[in-house]
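K.L.:
quick one: sequence plus predicted model below, questions after.
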Amino acid sequence: MTFPSEVSGRKGIFDRMADHASAWVSKAWFFAACVLLVVLWAPSLLLLSSVDTWQLIINTVTTIITFLLMALLQNTHHRADAATQQKLNAIAAALAATLSEPEARELREAVGLEQVESS
C-alpha cells in the first residue's frame, strides 16, 4: 500500500496543463467568454451567405473546445480520485492497526485493504 506521504508530488507536463485548464475553466469569466462567443456568433448570420455554414462554424468550435476540455478535466478528476483513495486507504490501514485481529480482518475485507507484510 502506498501512503500519501510516499507519493511523489512531481507532475508531468500534461498533468500541470490539466490543472491549469481546470482552474481556468472553473472561473466565471470563462463562462462569460463562452456566452460572448455565442453572442458574437449569432449576428454573423448576416455576414454569411448560408445558414449551413453559420451552423457549421458554431458546431465545429464548440465540439473542439468540448473535446479538448473533457480530456483535460478527466485527467484532473482521475488524479483527484486516486489521491482521495490513497488517503482513505491510509486512514483505514491506521484504523485497522488499532483494532483486534478479527475486527481488523473484517475492516480490511470491507474496504478491500490487502494484508501488509511487516519485516
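P.N.:
Now that the structure is in, tell me what you want to look at. Source: prediction; values computed, not measured.
K.L.:
looking at this structure, which residue lies furthest from center?
P.N.:
Relative to the centre of the chain, and counting by Cα atoms, centre = their mean, the farthest-placed residue is residue 49 at 41.1 Å.
K.L.:
helix, strand or coil for that one?
P.N.:
Of the three states, residue 49 takes coil according to DSSP: H, G, I helix; E, B strand; the rest coil.
K.L.:
can you pull the contacts of it?
P.N.:
Residues in contact with residue 49 (Cβ atoms under 8 Å, 6 or more residues apart in numbering): none are found. Placement of C-beta: from N, CA and C, glycine included.
K.L.:
one more: residue 17?
P.N.:
Going by Cβ under 8 Å, 6+ apart, residue 17 touches residue 72.
K.L.:
so it is in which element?
P.N.:
Secondary structure assigned from DSSP states H and E places residue 17 in helix 13-25.
K.L.:
how far off centre is that helix?
P.N.:
Averaged C-alpha coordinates place helix 13-25 at 10 Å from its chain's average position (Cα atoms, centre = their mean, to the nearest Å).
K.L.:
mind checking how far the spatially most central residue of the chain is from residue 57?
P.N.:
The C-alpha lying nearest the average C-alpha coordinate of the chain belongs to residue 77 (Cα atoms, centre = their mean; 1.7 Å). Taking Cβ to Cβ, to the nearest Å as the measure, residue 77 falls 30 Å from residue 57.
K.L.:
distance check, the residue nearest to the centre of the chain against residue 112.
P.N.:
Between residue 77 and residue 112 the distance is 21 Å, computed by Cβ to Cβ.
K.L.:
what packs against whichever strand or helix holds residue 29?
P.N.:
Following DSSP H and E, the helix or strand that holds residue 29 is helix 28-41. Helices and strands touching helix 28-41, by 3 or more Cβ pairs under 8 Å, 6 or more residues apart in numbering; DSSP states H and E, are helix 51-98.
K.L.:
all set now, cheers.
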